[in-house]
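Engineer: turn this into a structure:
(one chain, ligands or ions: 1)
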Amino acid sequence: MFLTTTTQVILSTSLMSLFAATIKRNSLKFFSAPIAKQPVHARAMHIQSIPMWEGTGNNYAYLVTDDKSKDSVIIDPANPSEVLPVLKERTESGNIKLSKIINTHHHHDHAGGNVEILKHFPLPIIGGKDCDKVTTTPSHNSTFTIGDSIKVTALHTPCHTQDSICFLFEDGSDKAVFTGDTLFIGGCGRFFEGNAKEMHKALNEILASLPDDTRVYPGHEYTKGNVRFAKKVLDNDAIRKLDEYSQANKETQGKFTIGDEKQHNVFMRVNDPNIQALVGQEDPVEVMKALRGMKDRS
Ligand SMILES: [Zn+2]
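Structural biologist: Numbering: from 1, shown residues only. Now for the predicted structure:
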C-alpha cells in the first residue's frame, strides 16, 4: 500500500511536471513563432542544414536538393568528418544525386574541406576565386540551375573576403539566400579584406534589393551574440522578437527573411535616426564603419 501510494505520487508528480513542461514549451513556441512564412504549396527545393563544430565555430554546411530530380549541391562542406557521413548515406540510399560543391568564400572553415570531399565526390567546385580547388567562379548576377526547377544567382559581395559570393536559390516563389560570412541573422561578418563602403553595398544595396520574403541561411549560428550587441545599439520590436526567438531556439538559420533583417539587423539600419544619433554620424558608410568598430570591441 505504501509503495503503491508513493508510486502514485511519483507518477502524478512526473505527469504534472511533464504537463507543465509541455505548456511552457508550447507557450515559448507561441510567443516566438518564426517570422518567415512558409509557402503553402509543397516545396521542391529541400534544404538540409548540417551543423559543424558545434560549440566552437558553430558553422553550417547546407545540402540543397531539387526534390523532383534529386539533383543536389553541398554548400561549404568545411568539416568532412561531419559532412561526409550525411552525403554518403543520402547518395547511397538514392535520395540525392550530388552534382556540385559550392563555396561562399575561401576561409578554411568554409572551403577547407574541398580536398577531402573531392576524394569521395569528384565534382566541380563553384565559388570565389581564392577557394581551394575552385573550378568556376561565376560572375556577378550570373545564373545556373539545379535540376529543372532551382535557379541559382551568384551575388558578389566582397568585404569579409574579396571573393565572398552570396547565392540566391529560387524555386518558383520559394527563395533562399546563402550568405556565408557576409550577412548573419542580426549581424554581419568582419571586414577582413574589405571596408565599410563594400559592406554597405553588399548588405544595403545587393542583399536589401532581394524580395523581402527571401529566407536567410548564413554560414554560422551567431544570432545570440548579434542580438546582445543589437540591444545595446537599438530598441525595437523586431530586435525584441529576435532576442526571444534566439533564447528559445538553438538554430535560427532559414527562420528569418531579408525583410526581417531590414528590421532587426542594425547593420541594415544605417539610416535609422536613433542609430545615427548614437554613433554621431549620418553618412551610411560612416554609420556602418562605426557599428562594425563597436561590435569588434564588444
Ligand atoms: Zn569567413
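Engineer: could I get the contacting residues of F184?
Structural biologist: Contact analysis of F184 by Cβ atoms under 8 Å, 6 or more residues apart in numbering lists P218, G219, H220, Y222, T223, N226. (Glycine included, C-beta is placed from N, CA and C.)
Engineer: where do the strands sit along the stretch 101-250 of the chain?
Structural biologist: Using DSSP state E, counting those that start in this stretch, the strands of the stretch 101-250 of the chain run over 125-126, 143-146, 150-156, 165-171, 174-180, 183-184, 187-188, 215-218.
Engineer: TSV for those, including distance to the ion and mean pLDDT?
Structural biologist: TSV is the format used below for the strands of the stretch 101-250 of the chain (distance: least, Cβ to the ion, whole Å; pLDDT from 0 to 100):
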stretch	distance to the ion	mean pLDDT
strand 125-126	17	98
strand 143-146	23	96
strand 150-156	15	98
strand 165-171	12	97
strand 174-180	7	97
strand 183-184	11	98
strand 187-188	11	98
strand 215-218	11	98
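Engineer: wait, which of those strands is closest to Q276?
Structural biologist: Closest to Q276 of the strands of the stretch 101-250 of the chain, according to Cβ to Cβ: strand 187-188, at 17.7 Å.
Engineer: quick one: strands adjacent to the closest one?
Structural biologist: Applying DSSP bridges to the sheet, strand 187-188 is found paired with strand 183-184 (antiparallel).
Engineer: what about the residue of the stretch 151-298 of the chain found nearest the ion, neighbour count?
Structural biologist: Closest residue of the stretch 151-298 of the chain to the ion, Cβ to the ion: D181 (3.6 Å). By other Cβ atoms under 10 Å, 25 other residues sit near D181.
Engineer: now do the contacts for it.
Structural biologist: Residues near D181 by Cβ under 8 Å, 6+ apart: T104, H105, H107, H110, H160, T161, S164, G189, R190, P218, G219, H220.
Engineer: just the buried ones from those?
Structural biologist: Buried by 16 or more other Cβ atoms under 10 Å: T104, H105, H107, H110, H160, T161, S164, G189, P218, G219, H220, out of these.
Engineer: next, E251: phi, psi?
Structural biologist: In terms of degrees, to the nearest 10, the main-chain angles of E251 are phi -110, psi 140.
Engineer: that one and L168: what is the separation?
Structural biologist: Note on E251: its distance to L168, by Cβ to Cβ, to the nearest Å, is 21 Å.
Engineer: more crowded one of those two?
Structural biologist: L168 (22 against 14).
Engineer: so that one is in contact with D174, correct?
Structural biologist: No: the criterion here is Cβ atoms under 8 Å, and L168 misses it with D174 at 11.4 Å.
Engineer: number of nearby residues for S209?
Structural biologist: When neighbours are defined as other Cβ under 10 Å, S209 has 9 of them.
Engineer: the one 5 residues further on now?
Structural biologist: Counted with other Cβ under 10 Å, residues neighbouring T214 total 20.
Engineer: residue contacts, it?
Structural biologist: T214 makes contact with L168, K175, A176, V177, T257, I258 under the criterion Cβ under 8 Å, 6+ apart.
Engineer: ok, now I146?
Structural biologist: Listed by Cβ under 8 Å, 6+ apart, the contact set of I146 reads V64, D66, D71, S72, V73, S99, K100, V152, F169.
Engineer: who is it paired with across the strands?
Structural biologist: Beta-bridge pairing of I146, defined through DSSP bridges, involves I150.
Engineer: out of the strands of the stretch 101-250 of the chain, which is closest to E286?
Structural biologist: With Cβ to Cβ as the measure, strand 187-188 is the member of those nearest E286 (15.8 Å).
Engineer: what does the stretch 1-150 of the chain have sitting close to the ion?
Structural biologist: Neighbours of the ion within the stretch 1-150 of the chain, by Cβ under 5 Å from the ion: H107.
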